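>>> need a structure here:
(one chain, ligands or ions: 2)
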Amino acid sequence: TRSTRPQRLLGAVQKSATRGDPCSVVNAIDQFCRHTEWAMNVGDEKGCILDSVVSEVNPATVLELGTYCGYSTVRIARLLPPHAKLITLEFNPDFAAIARQVIAWAGMEEKVHLVEGASGEWIPKIKEQFGVKALDLVFLDHWKDQYLPDTKLIEECGLLRKGSVLLADNVIFPGAPQYLEYVRSSQQYESQYFKSHLEYTKVEDGLEKSVFLG
Ligand SMILES: O=C(NC/C=C/[C@H]1O[C@@H](n2ccc(=O)cc2)[C@H](O)[C@@H]1O)c1cc([N+](=O)[O-])cc(O)c1O
Ligand SMILES: [Mg+2]
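Ligands and ions are numbered 1, 2, ... in the order given. Got it, this is the predicted structure:
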């Protein structure tokens, strides 16, 4: 039977990337998605913005919503200090299985906890399961209509501290209008839009960075 897109993306990593070298894994996926088969990774252009936010926040604890094949998981983990933790939630077991192999190929297993399940079920468990007091950075890249309810849930679970940063992908395309309205109008956030393009295309998209004011 025909392979899946995530399986073909993993094949490109195993063919072209060097084991233990996260940058080569990121580059192999970008090369594959730009020249062979598009996939919904944050990509190289928005990825540079992601890199700059990660470096600025220098987080001890990161939550990623939406692992998919693990591209942004590896991209973020490669910038984290040794004992920092990235918790990434993936709902689809097939995607999770591919992502585990991509993360392993990059040698990032130590820094990453990939949890299989729904954000609504797992966000309330993060504190106890992972001994997390607060999230320094949240990267939202899962179902776009889930950005707002999950942000409210993260607030309700007391997972944010003064200065915690939310970074949301796709706020223009496919778009997350209710989320944008919320973070831009709330007195509890200082929000900033980073204009860019949809991964591997010329379509406008961007990232919204929102700092929790406590
Ligand atoms: O739809 C998009 N992303 C949805 C991602 C969803 C991912 O989040 C997981 N999840 C994990 C936990 C959950 O609770 C729910 C889902 C899903 O199992 C999937 O792996 C998208 C679409 C385009 N596009 O051009 O069309 C571009 C992008 O950059 C995108 O991110
Ligand atoms: Mg995205």
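
>>> for ligand 1, what is the nearest residue in this structure?
Gly66 (3.1 Å; Cβ to the nearest ligand atom). In this view, the C-beta of every residue, glycine as well, is placed from N, C-alpha and C.

>>> number of residues surrounding the closest residue to that residue other than its chain neighbours?
For Gly66, ignoring the flanking residues on the chain, the nearest one in space by Cβ to Cβ, 6 or more residues apart in numbering is His142 at 3.2 Å. Applying other Cβ atoms under 10 Å, we find 21 residues neighbouring His142.

>>> which residues touch the residue of the chain found nearest ligand 2?
Nearest residue of the chain to ligand 2 (Cβ to the ion) works out as Asp169 at 3.8 Å. Applying Cβ atoms under 8 Å, 6 or more residues apart in numbering, we find Asp169 in contact with 42, 46, 72, 139-141, 205, 207.

>>> what count of nearby residues applies to the residue of the chain closest to ligand 1?
25.

>>> correct me, but it touches Tyr147?
No. Gly66 is beyond contact range of Tyr147, at 9.9 Å (criterion: Cβ atoms under 8 Å).

>>> sorry, back to before: and the residue of the chain closest to ligand 2, backbone torsions?
Note on Asp169: its backbone torsions stand at phi -80, psi 160 [degrees, to the nearest 10].

>>> so how far is Trp105 from it?
Distance of Asp169 to Trp105, given as Cβ to Cβ, to the nearest Å: 23 Å.

>>> kindly state the beta-bridge partners for Leu167.
Note on Leu167: beta-bridge partners by DSSP bridges are Phe139, Lys209.

>>> hmm, Gly47 and it touching each other?
No. Look at Leu167 against Gly47 with Cβ under 8 Å: they stay out of range, at 11.7 Å.

>>> the two: which is more packed in?
Here Leu167 and Gly47 are set side by side on neighbour count (other Cβ under 10 Å), and the busier one is Leu167, at 25 against 21.

>>> quick check: Phe173 touching Asp205?
Yes. With contact defined as Cβ under 8 Å, Phe173 and Asp205 form a contacting pair (4.4 Å).

>>> list residues touching both of these two?
In contact with both Phe173 and Asp205: Leu198, using Cβ under 8 Å, 6+ apart.
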